[in-house]
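Asks: return atomic coordinates for the entry below.
(2 chains)
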Amino acid sequence: MSDFDFSVIAANWAFLAEGLRYTLQVTVTAMVGGILIGTLLALMRLGSITPLRWFAIGYVNVFRSVPLVQVILAFYLILPLVLQMITGKPTPIGAANSAYFTFTIFEAAYYSEIMRSGIQSIPKGQIAAGYALGFTYGQTMRHVVLPQAFRNMLPVLLTQTIILFQDISLVYAIGATDFFGAADKITQRDLRPVEMYTTVAVVYFIICFLLSRLVKRLQTRIAIIR
Amino acid sequence: MIEIQNVSKWYGSFQVLTDCTTRVDKGEVVVVCGPSGSGKSTLIKCVNALEPFQKGSVVVDGIAVEDPKTNLPKLRSRVGMVFQHFELFPHMTITDNLAIAQVKVLGRSRDEAVERGLKLLDRVGLKAHAAKFPGQLSGGQQQRVAIARALAMDPICMLFDEPTSALDPEMINEVLDVMVQLAQEGMTMMCVTHEMGFARKVANRVIFMDRGAIVEDAAKEEFFGQPRSERAQTFLAKILNH
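Replies: As a prediction, the model looks like this:
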């Protein structure tokens, strides 16, 4: 066992790639869905309708106070029961599918805080200008405030997405096979932990590094537009 | 056109407007002046309901602004407004700034809106800048675009809220020139400004405000010739003597 044997990577590449694909799919789904729901939550929180504001505050505080692993487990267990209540028949959805849902809902709490500060960073005069032109509240948000808030917050949103990408490894708790989970399963069978985990770490590093470079480039580009 | 009657407004227990009454008739140019914090901007923002008020009434073209049944977006789309800090939308080109409200609010086609926008842009002398973003223009240029953007909605009257006070001195005149031209064409205008030269040239009436109240509301000649109130006299002496 003293020699490193990286052939374990090549031999299991297809399985690892399948795991990586799943990780990326959940990341993109939770990013898009999370930003959409997060934006709605931010608008509720900043709006004037009290019950909606309370709902948004409660939502964000609950999900930010519970460990992600626990939320993953809870949704995996509860979701089929809820679906059964709705449809009236047992509806197993599986670990892999429940993660899409869980991460979207969980990340929405974080994205909503980012969008909230983005919306609040837009000068009040911009909103007044939208209203003065005859825009409704919805039009002012859609055409004036949100595009600017989104653009201002893009680097932070992407940084959050990098964290999300790494956090998906926590689906090992419910036995789903993401990139890390795939490596973990192979390791338990082939007993090559050092080679496998090193490779996995390098791949995570490369992807996250490229993403953070992208964030940097976006930051300078946005600085020019402003 | 604009009738302001006994309007009072409070921020909590602090009264910012006290029983303000005045009117702007069709084709009239009314200049509102006064020291800072006197409520000028607040009053003009009550006209298109950007600021709510607790007492009194504002009627624009026969429509009561404070009536909860009033369709405010529709009313505002007919009242042009120009702000101290221009408030062009920084994420859109000049063309889009001019066109978007025409398309989304008035329901014009994009081609029609762009054509109308570019025509007005030409009028304020900035046709060459249509494809640029607001951040690439000077303050004076941005303010002229903002005036064109408001005019593109074919407003029945125009509100100006200190349109030149955020500008460098050498840019003030290019904006005032556009406003003078507009006044001479018969546009109904209510202007909060300290530009007394502008007031002298085109105003029909001048309103002087102090501590939230309208202290003086007089024809231009009367206001500059012999203001009745002592406060207006001192104010004029201060801003005209250098």
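Asks: C-alpha only now, for contacts and for neighbours.
Replies: OK.
Asks: and the next helix or strand past the helix with the most length in chain B?
Replies: Criterion DSSP state H: the longest helix present in chain B is helix B:169-184. Scanning forward in sequence from helix B:169-184 by DSSP states H and E, the next helix or strand is strand B:189-192.
Asks: so which elements touch the least confident helix or strand in chain A by mean pLDDT?
Replies: Between all helices and strands in chain A, the lowest mean by mean pLDDT, DSSP states H and E belongs to helix A:7-11, at a mean of 84. Counting contacts by 3 or more Cα pairs under 8 Å, 6 or more residues apart in numbering or on different chains; DSSP states H and E, helix A:7-11 packs against helix A:193-225.
Asks: so which helix or strand takes in residue B:19?
Replies: Residue B:19 belongs to strand B:14-24 when assigned by DSSP H and E.
Asks: and that strand, average pLDDT?
Replies: When pLDDT is averaged along strand B:14-24, the result is 94.
Asks: ok, and what's touching that strand?
Replies: With contacts defined as Cα atoms under 8 Å, 6 or more residues apart in numbering or on different chains, strand B:14-24 is touched by B:1-10, B:30, B:38-39, B:42-43, B:56, B:188-190, B:211-214, B:217.
Asks: could you give me the PyMOL syntax to select whichever of those are buried?
Replies: Only the buried entries of the contacts of strand B:14-24 go into this PyMOL selection, using 16 or more other Cα atoms under 10 Å in any protein chain shown:
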select buried, chain B and resi 1+2+3+4+5+7+8+9+30+38+39+42+43+56+188+189+190+211+212+213+214+217
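Asks: buried set for the least confident helix or strand of chain A?
Replies: Neighbour-count burial for helix A:7-11, counted by 16+ other Cα under 10 Å, picks out A:8-9.
Asks: now do stretch A:154-163
Replies: For stretch A:154-163, a neighbour-count test (16+ other Cα under 10 Å) marks A:154-162 as buried.
Asks: please apply the same query to stretch B:195-202.
Replies: For stretch B:195-202, a neighbour-count test (16+ other Cα under 10 Å) marks B:195-196, B:198-200, B:202 as buried.
Asks: which among those are in contact with chain A?
Replies: Counting by Cα under 8 Å from any Cα of the partner chain, nothing from the buried residues of stretch B:195-202 sits close to chain A.
Asks: around chain A, pick out the residues from chain B.
Replies: Residues of chain B lying close to chain A (Cα under 8 Å from any Cα) are B:48, B:50, B:72-81, B:83, B:85, B:87-91, B:101, B:104-105, B:135, B:150, B:153.
Asks: mind exporting the least confident helix or strand of chain A as PDB, just the C-alpha atoms?
Replies: Backbone C-alpha positions of helix A:7-11 (Å, rounded to 0.1, in the frame of the first residue of the first chain) are rendered in PDB as follows:
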ATOM      1  CA  SER A   7      -5.400   3.900 -12.100                       C
ATOM      2  CA  VAL A   8      -8.400   3.700  -9.700                       C
ATOM      3  CA  ILE A   9      -9.500   7.100 -11.100                       C
ATOM      4  CA  ALA A  10      -9.300   6.100 -14.700                       C
ATOM      5  CA  ALA A  11     -11.100   2.800 -14.000                       C
END
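Asks: following it, which helix or strand comes up?
Replies: Going down the chain from helix A:7-11, the next helix or strand is helix A:13-46, by DSSP H and E.
Asks: separation between the spatially most central residue of chain B and chain A?
Replies: In chain B, the C-alpha nearest the mean C-alpha coordinate belongs to residue B:160, at 1.5 Å (Cα atoms, centre = their mean). Per Cα to the nearest Cα, to the nearest Å, residue B:160 is found 12 Å from chain A.
Asks: could you say which helix or strand holds residue B:58?
Replies: Going by DSSP H and E, residue B:58 is in strand B:55-60.
Asks: who are the packing partners of that strand?
Replies: Counting contacts by 3+ Cα pairs under 8 Å, 6+ apart, strand B:55-60 packs against strand B:2-11, helix B:40-47.
Asks: make JSON lines from these and add mean pLDDT to it.
Replies: Output for those, formatted as JSON lines (pLDDT from 0 to 100):
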{"stretch": "strand B:2-11", "mean pLDDT": "94"}
{"stretch": "helix B:40-47", "mean pLDDT": "95"}
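Asks: okay, now the unreliable bits of chain A?
Replies: Applying pLDDT under 70 to chain A picks out residues A:1-2, A:223-226.
Asks: around chain B, pick out the residues from it.
Replies: By the rule Cα under 8 Å from any Cα, the part of chain A lying against chain B is A:125-126, A:128-129, A:131-136, A:144, A:147-148, A:225-226.
Asks: OK, contacts around the residue of chain A found nearest chain B?
Replies: Among all residues of chain A, residue A:134 sits closest to chain B, at 4.1 Å; criterion: Cα to the nearest Cα. Residue A:134 makes contacts with B:72-78, B:101, B:105, as judged by Cα under 8 Å, 6+ apart.
Asks: and the closest residue to residue B:145 other than its chain neighbours, how far is that from chain A?
Replies: Nearest residue to residue B:145, sequence neighbours excluded (Cα to Cα, 6 or more residues apart in numbering or on different chains): residue B:121, at 6.6 Å. In this view, residue B:121 and chain A are 17 Å apart by Cα to the nearest Cα.
Asks: check which helices and strands the helix or strand where residue B:121 lies is in contact with.
Replies: Assessed by DSSP H and E, residue B:121 sits inside helix B:110-123. Applying 3+ Cα pairs under 8 Å, 6+ apart, one finds that helix B:110-123 contacts helix B:94-104, helix B:139-151.
Asks: turn these into TSV, including mean neighbour count, distance to residue A:14 and mean pLDDT.
Replies: Converted to TSV, those look like this (neighbours: other Cα atoms under 10 Å in any protein chain shown; distance: least, Cα to Cα, whole Å; pLDDT from 0 to 100):
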stretch	mean neighbour count	distance to residue A:14	mean pLDDT
helix B:94-104	24	49	96
helix B:139-151	26	57	96
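Asks: among the residues of chain B next to chain A, which are located in helices?
Replies: Counting by DSSP H, the residues of chain B next to chain A place B:72-77, B:101, B:104, B:150 in helices.
Asks: circling back to that earlier point, neighbouring strands - and their directions - for the strand holding residue B:58?
Replies: strand B:2-11 (antiparallel), strand B:63-64 (antiparallel) (DSSP bridges).
Asks: out of those strands, flag the one nearest residue A:204.
Replies: Between residue A:204 and the strands paired with strand B:55-60, the tightest spacing by Cα to Cα is seen for strand B:2-11, at 54.5 Å.
Asks: what angle sits between that closest one and helix B:40-47?
Replies: On the basis of axes from the mean of the first three to the mean of the last three Cα atoms, to 10 degrees, strand B:2-11 is oriented at 120 degrees to helix B:40-47.
Asks: how far does strand B:2-11 sit from its chain's centre?
Replies: Distance of strand B:2-11 from the chain centroid (Cα atoms, centre = their mean, to the nearest Å) equals 17 Å.
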